[in-house]
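**Q** Structure, please.
(2 chains, ligands or ions: 3)
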Amino acid sequence: MTSIDIAAGRAQAGREAKFRTCPFTGLKVDLAAQRLIVANAVAAVIFLAVGGLFGLLVALTRWPAVHLLPAEWFYLVLTGHGANVLLFWIIFFEIAVLYFASAILLNSRLATPRLGWLAFGLMVVGAAMANVAVLQGDSTVMFTSYPPMKAAPHFYLGLILFAVGALLAVGIFFATLVIAKDERTYEGSVPLVTFGAITAAIIAVYTIASGAVILIPTFLWSIGIVGNIDPLMYKVVWWGMGHSSQQINVSTHVALWYAIAALTVGAVPLSEKVSRTAFLLYILFLQLASAHHLLVEPGISSEWKVFNTSYAMYLAVLGSMIHGLTVPGSIEAAQRRNGFTKGAFEWLRKAPWGNPAFAGMFLSLVMFGFIGGISGVVLGTEQINILMHNTLYVPGHFHGTVVAGTTLAFMAATYLILPLVFQREVAFPKLAKVQPYLFGIGAAGIALFMMGAGTLGVPRRHWDITLTDASIPYEFAAGAFLMMGLNGLFAILAALGGIIYIVVVVASVLWGKRVDPARPAWQFPVTSAAAANVAKYGSHATVKLPGTIILVGVFFVAFMLYYYVNWKYLSAVWPLR
Amino acid sequence: MAVTPPVQRIWWKEPIERVELVWTALAFLWGLAMFSTMIVWHVVGKQNLANEAYRISPQTFIARADAFAEKYKVREEANTGVPVVRPPAGADIYLLGRLWEWWPVLELEKGRTYRLHLSSIDWQHGFSLLPVNINIQVHPGYEHVITITPDQLGQFGIVCNEYCGIGHHQMTGKIYVVEPKPQ
Ligand code: HEM
Ligand SMILES: [Cu+2]
Ligand SMILES: [Cu+2]
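**A** Ligands and ions are numbered 1, 2, ... in the order given. Just a heads-up that it's a prediction; the model follows:
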């Protein structure tokens, strides 16, 4: 029997998949996979809409001149904001990316679409249940739900169901990889984007396992079966989930950076080996970095903190810094091949800034590095953490990573998913063009101003920094109020960007024109002749990359200066040991 | 292309770009530099958070804080009835976090060193000393002992920066730092 016979036989033993051929990429698209991608992406966008609205309400309440919501509502809505955006929006979208990176990029059928729908159902039910619990008002515990504060049992149960569904989906991803390999649907090694997705999926297994270890006992505690949850132990394990899940986000959005660079300018990785090794560093080293959430807790030794934040964190940071070079580097190389060779930056000036996929991707790359990345390393330094722990600096930092970085990258990817997977033209193309800028600038603003407020001591998760109801008064500096006002303004910008995104997606999905392969509104260089040219371009026969070298040079200097400035700040506070 | 299998099937034998090598080496060295800075700070720096911590029951901590406050109380904070406590330099001092106050108010001498015992008797709280901006997580059941030397005169606020329920934004406290008595 030939190998083709074997493949066909297996396929029959499994499932008779129906495929279409993508007119742009020539990829075989399993229709069952396509439907699941659509469902997960749509669910993601719905939760983003809900969570984003909550985010705006929170920001408007923290704007002292507006102070929109009463206290109970503020804390309730803040809990809902964290859960809906950080968990539900991001993870639904990631599941869509996993299916895309396995079944579609590998030309394969998806393993067990039925289970895929079960996973989807569990996630929807879980997310809805958690939302109901939060809105009922007896689960205002923030998405971190630190004991001994207790939520209603169905809050934890919702999260557990959601996690089980996500784990199932990750399993389907791995099974699809096995099928694709068995049925030889691709040649050689998996594409870099799929490799990045595998990284994300491996970390996801670890993450969800940590989640189960901590959330199941906490659920049992909430219904009275377990007597006591140690708050410190909870935090150690909870952040095994909470932090690693950020590593899933990073792996996924970096994979999407590569994918978007490939699909919009025809970029090829400078060297596969370096980029793949950088992904591998994430798997090897980031898990323990949950330690950087515990730098000012009692009862944890300095040695443990230093070891886990440096050995583990810096080697993963190394991975991100490598991507920070190779992603723009591959874009520069491709653009130079496309003929933009003048000076150090013609390749960047003449990049397709009018294409929201490219614009969103590049903004995400820059802001993730400069805002989220640098602030994260500084915040995660053992001694410096004491300056910012639990101040607004912390949400400032992670709106740089997970909003300006991950969320913006996901939005950018959507502008490719709409024509390629949904087969719809992007509706309101003019609005779509400005969307990444609006959202990006807004996100950068909320990140920076929250960080600024944090350096002035403004606490996170706090309803009223005028402290009117406190018996012992304290007056924050005027600068703190200014920062909170600016934060509110940029929150409005970000919300506007978010609303446009949602309007564009909904309109495209429901009423968008079907893509006409002969005359698509957007060009994909994958199909053009220039791309064929670029595709041969690899690490050999390289052009120089002066623009990228300048960019990373600026980054490096900014990083060093900011890092040591914070040591200087630290040296000025009360001596303690 | 990143969305297709590598062009070179044997990609792991491809040469590496020089710019990639240099950058990776630089980033790695930077990681080492940051690692060393933390360790060096343990030797030369004056701000290294204590590792000294004990398990303690809330009742025991309340008892100790009460005894401490009673012994060294000098007056009451205006309009609150909260004792202002002025311990001698070098003493063990107690600060208790609970829904929703930092108790008691402390009066310390500039430049003197104290052993500050921090704990919560109910939920987690966030000790945030302002405008100095020293932020420490406070857990119920754990007593954290921090040796601290106030080196500025004035009145300092303490707010709570770990969400601790509906009164979170009412949770404050205070430390006075005054000229030291000649010893
Ligand atoms: C319109 C866009 C957004 C605005 C205006 C916004 C604003 C805010 C503000 C003001 C806070 C409160 C900080 C505090 O009081 O402690 C916050 C918290 C938070 N945000 Fe956003 N945000 C937005 C989008 C997002 C997105 C897309 C994500 C995740 C992907 C996200 C994740 C979070 C998380 C995890 C928290 C912390 C919640 C907590 O402390 O429990 N936000 N956001
Ligand atoms: Cu508190
Ligand atoms: Cu609090």
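
**Q** Tell me the spacing between A:G242 and chain B.
**A** Distance from A:G242 to chain B, counting by C-beta to the nearest C-beta, to the nearest Å: 15 Å. (C-beta placed from N, C-alpha, C; glycine too.)

**Q** Isn't that residue up against A:T144?
**A** Yes - counting by C-beta atoms under 8 Å, A:T144 is a contact partner of A:G242 at 6.9 Å.

**Q** Next one: the most centrally placed residue in chain B from A:E16, what distance?
**A** For chain B, B:I136 is the residue whose C-alpha lies nearest the centre (C-alpha atoms, centre = their mean; 2.6 Å). Note on B:I136: its distance to A:E16, by C-beta to C-beta, to the nearest Å, is 62 Å.

**Q** Kindly state the pLDDT recorded for the nearest residue to B:T4 once chain neighbours are set aside?
**A** Closest residue to B:T4 apart from its sequence neighbours, by C-beta to C-beta, 6 or more residues apart in numbering or on different chains: A:P191 at 5.3 Å. We have a pLDDT of 94 for A:P191.

**Q** from what I can see A:P191 touches A:L105, true?
**A** Yes - when contacts are counted by C-beta under 8 Å, A:P191 is listed as touching A:L105 (5.4 Å).

**Q** any common contacting residues for those two?
**A** Residues touching both A:P191 and A:L105 by C-beta atoms under 8 Å, 6 or more residues apart in numbering or on different chains: B:V3, B:T4.

**Q** Output the contacting helices and strands for the helix or strand hosting A:L365.
**A** Assigned by DSSP states H and E, A:L365 falls within helix A:356-367. Helix A:356-367 sits against helix A:231-265, helix A:315-337, helix A:408-417, helix A:429-455, with contacts defined as 3 or more C-beta pairs under 8 Å, 6 or more residues apart in numbering or on different chains; DSSP states H and E.

**Q** Can you list the buried residues in the helix or strand that it is followed by?
**A** Sequence-wise, the next helix or strand downstream of helix A:356-367 (DSSP H and E) is helix A:374-379. Within helix A:374-379, the residues that count as buried by 16 or more other C-beta atoms under 10 Å in any protein chain shown are A:I374, A:S375, A:G376, A:V377, A:V378, A:L379.

**Q** Same check on stretch A:310-321?
**A** For stretch A:310-321, burial by neighbour count (16+ other C-beta under 10 Å) applies to A:S310, A:A312, A:M313, A:Y314, A:L315, A:A316, A:V317, A:L318, A:G319, A:S320, A:M321.

**Q** And for that stretch, what's in contact with it?
**A** Under C-beta under 8 Å, 6+ apart, the answer for stretch A:310-321 is A:247, A:250, A:254, A:278-282, A:284-289, A:291-292, A:369, A:373, A:377, A:380, B:23-24, B:27-28, B:31-32, B:34-35, B:38.

**Q** Buried subset of these as a ChimeraX selection?
**A** For the buried members of those, the matching ChimeraX selection, counting by 16+ other C-beta under 10 Å, is:
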select /A:247,250,254,278,279,281,282,285,286,287,288,289,291,292,369,373,377,380 /B:23,24,27,31,34,35,38
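
**Q** Which parts of the chain are strands?
**A** Picked chain A for this. Along chain A, the segments classed as strands by DSSP state E run A:19-21, A:28-30.

**Q** hmm, I had chain B in mind actually
**A** For chain B, the strands defined by DSSP E occupy B:53-55, B:73-76, B:83-85, B:92-98, B:101-103, B:105-109, B:114-120, B:125-130, B:134-138, B:142-148, B:154-160, B:172-178.

**Q** Any residue of the last one touching chain A?
**A** This means strand B:172-178. Yes - residues of strand B:172-178 contacting chain A under C-beta under 8 Å from any C-beta of the partner chain: B:T172, B:G173, B:K174.

**Q** how about the first one, what does it touch?
**A** When contacts are counted by C-beta under 8 Å, 6+ apart, B:T172 touches A:L467, A:A470, A:S471, A:I472, A:P473, A:Y474, B:E101, B:W102, B:G157, B:I158, B:V159, B:C160.

**Q** in terms of contact, does the last one touch B:S128 like I think?
**A** Yes - in this structure, B:C160 sits in contact with B:S128. The criterion is C-beta under 8 Å, and the distance is 7.0 Å.
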